[in-house]
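Chemist: Predicted model and sequence below, questions to follow.
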Amino acid sequence: MKPSVAVLLLVAGAVRNVAPARGDEPLLYPYGPDQHDHKTPKLDDGSSKNLPISTPFTFYGKIHRSLYVNNNGVISFGSRVNQYTPDPFPLADGRSFVAPYWGDVDNVLGGEVFYRETTEPALLSRITKDINRYFPTIPYTAKWAFVATWDHVAYYGSTSSKGNTFQAALTTDTKTSFIILNYDQIQWASGTASGGDPETGLGGTPAHAGFNSGNEKDFYNIPGSRTDAIINITKTSNVNVPGRWVFQVNEFKVTGVPTEEPQIPKDTDCWL
């Protein structure tokens, strides 16, 4: 169990509806109050309530009609994920979830966690364009999407102003499902309860990115997960867009390899 945090040391980051442009369009899909997003509670290790979704989402052969957005960088099916120190995949307990950046987020200290489901035509058109570019042999027109964004979120025990901004978009045409993971700014990898340094947010057991199907055999660990190199996930990709990873998830498929190998930062002596 974590010790209580007596003093709030960070100021929440400013809400942004789009991230800085990468190439011809922003990396992140629009989010925030202007998009009528909901927010998870300001609660360490908290989550949304169980959220019914209007269009069933197939994740490795299982059809899901609800989900949770967890503050610690996870979208889960069936149950909340309050755990703050990530375990390696595959998990043996049958939990089924997407982990855009599973680490010890503390949005009490800073940042917001936004989410919404949508059938808004402009966004679905943009998602369709992206999927068609990355998977040209799969006919696909997005009918539904769920977008969750962790906006400049702090880490537990932080004594710095560092924040991470990343996003997960789930989308389906009712038959084929995809997950798009976007990493705009990653400045920390671990909270103090996971052994991290309170000033740098590094060391200990770093964050984990990928997904776990729950069947103990279908899973994926994005390179660098649970190592110091995860801090550079904004530079890697499986679709040749730095900071973006995209997966077909209605059945087990993994596409591509990193366009750039993650590197462990040089200044590591203060983490040990």
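Modeler: Yep, it's here.
Chemist: going forward, measure contacts between C-alpha atoms and count neighbours the same way
Modeler: Will do.
Chemist: Checking residue 197 next. Helix, strand or coil?
Modeler: Three-state call for residue 197 (DSSP: H, G, I helix; E, B strand; the rest coil): coil.
Chemist: who touches it in this structure?
Modeler: 190-191, 203-204, 271 (CA atoms under 8 Å, 6 or more residues apart in numbering).
Chemist: now residue 144
Modeler: 55, 117-119, 124, 171-173.
Chemist: and it, what are its phi and psi?
Modeler: phi -160, psi 150 (degrees, to the nearest 10).
Chemist: What separation do you get for it and residue 131?
Modeler: 13 Å (CA to CA, to the nearest Å).
Chemist: give me the low-pLDDT residue ranges for the protein?
Modeler: For the chain, the stretches with pLDDT under 70 are 1, 3-24, 252-272.
Chemist: All the helices of it, in order from the start?
Modeler: Assigned by DSSP state H, the chain shows helices spanning 121-134.
Chemist: And the spatially most central residue of the chain, how far from residue 76?
Modeler: Against the mean C-alpha coordinate of the chain, by CA atoms, centre = their mean, the closest residue is residue 100 at 2.3 Å. From residue 100 across to residue 76, the span is 11 Å (CA to CA).
Chemist: got it, and residue 250?
Modeler: From residue 250 to residue 76 the distance is 15 Å (CA to CA).
Chemist: so what's residue 113 closest to, chain neighbours aside?
Modeler: Nearest residue to residue 113 in three dimensions, chain neighbours excluded: residue 150, at 4.5 Å (CA to CA, 6 or more residues apart in numbering).
Chemist: Also residue 98?
Modeler: Using CA to CA, 6+ apart, the closest residue to residue 98 is residue 211 (4.4 Å).
Chemist: which ones are touching the one you found?
Modeler: Counted by CA under 8 Å, 6+ apart, residue 211 has contacts 89, 96-100, 219-221.
Chemist: Repeat the analysis, applying 6 Å as the threshold.
Modeler: 97-99, 219-220 (CA atoms under 6 Å, 6 or more residues apart in numbering).
Chemist: Just the ones in strands from these, please.
Modeler: Those of the contacts of residue 211 mapping onto strands are 97-99, 219-220, per DSSP state E.
Chemist: what's the span of stretch 132-141, first residue to last?
Modeler: 8 Å.
Chemist: if we look at it, which residues are touching it?
Modeler: For stretch 132-141, using CA under 6 Å, 6+ apart, the contacting residues are 128, 173.
Chemist: Next: stretch 95-103.
Modeler: 72-77, 84, 207-214.
Chemist: again, only using 8 Å
Modeler: In contact with stretch 95-103 (CA under 8 Å, 6+ apart) are residues 72-79, 84-86, 166-168, 181, 189-191, 206-214.
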